[in-house]
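Kindly return the folded structure for what I paste below:
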Amino acid sequence: MAFMKPSALLFNTCDFFGAHSTALNFLPRRSRSFTIKPLVVEARSNARKETAKTRNRRIQKKFNGTSTKPRLSVFCSDKQLYAMLVDDQNKKCLFYGSTLQKSIRRNPPCTTVEAAECVGEELIQTCIDLNINEVSSYDRNGCARGARMQAFEIAISRHGFLPQ
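Below is the predicted model:
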């Protein structure tokens, strides 16, 4: 007796749903108009930078600097450190200092860690001149605490300018 291969299983819909309809085929049919496209998965570019930017915007919404209590914003790139005292209400920068400035680097060039400490000391001097006793928030812009950032933080924490 020859074995017959069934092409499709036929069921009435009334068997499942209680209504009579045409027979259903449960095996997939091949269609010649179907084209297979390769699956391409793209990774998000600059995901870390985007999250740092999002975090920075959220911090700026919460903590607004004033002229008596400005926001301290610090950015540390691969080689340099940049610091700003920002008055968000009047949209002014009260202080800007970086490790690239010649006044901070001095005549015999110093390392960037020493220059970051000098930026912190110059920031303290500017705050004393402007009668600023504390900052509203310390914004690191999503940067990790490296050697330059630690040297800067030690210089400003000596005078109690880091918020608790």
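
For residue 161, which non-adjacent residue is closest in space?
Among residues not flanking residue 161 along the chain, residue 135 sits closest, at 5.7 Å (CB to CB, 6 or more residues apart in numbering). Heads up, the C-betas are built off the backbone N, CA and C, glycines and all.

Measure how buried residue 117 is and give me the count.
The local packing of residue 117 (other CB atoms under 10 Å) involves 23 other residues.

quick one: it from residue 40, how far?
Separation of residue 117 from residue 40 (CB to CB, to the nearest Å): 49 Å.

Can you dump the C-alpha atoms of stretch 61-76 in PDB for me?
What follows is stretch 61-76, C-alpha atoms only, in PDB (Å, rounded to 0.1, in the frame of the first residue of the first chain):
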ATOM      1  CA  LYS A  61      15.900  72.500  34.400                       C
ATOM      2  CA  LYS A  62      16.200  71.600  38.100                       C
ATOM      3  CA  PHE A  63      19.100  73.900  39.200                       C
ATOM      4  CA  ASN A  64      19.100  77.500  37.900                       C
ATOM      5  CA  GLY A  65      21.900  79.700  38.900                       C
ATOM      6  CA  THR A  66      21.500  83.200  40.100                       C
ATOM      7  CA  SER A  67      24.000  86.000  40.400                       C
ATOM      8  CA  THR A  68      24.500  85.300  44.100                       C
ATOM      9  CA  LYS A  69      24.400  81.500  43.700                       C
ATOM     10  CA  PRO A  70      25.600  80.500  40.200                       C
ATOM     11  CA  ARG A  71      25.700  77.100  38.700                       C
ATOM     12  CA  LEU A  72      29.200  75.600  38.400                       C
ATOM     13  CA  SER A  73      29.500  73.700  35.100                       C
ATOM     14  CA  VAL A  74      32.700  71.700  34.400                       C
ATOM     15  CA  PHE A  75      33.600  69.800  31.300                       C
ATOM     16  CA  CYS A  76      36.700  67.600  31.000                       C
END
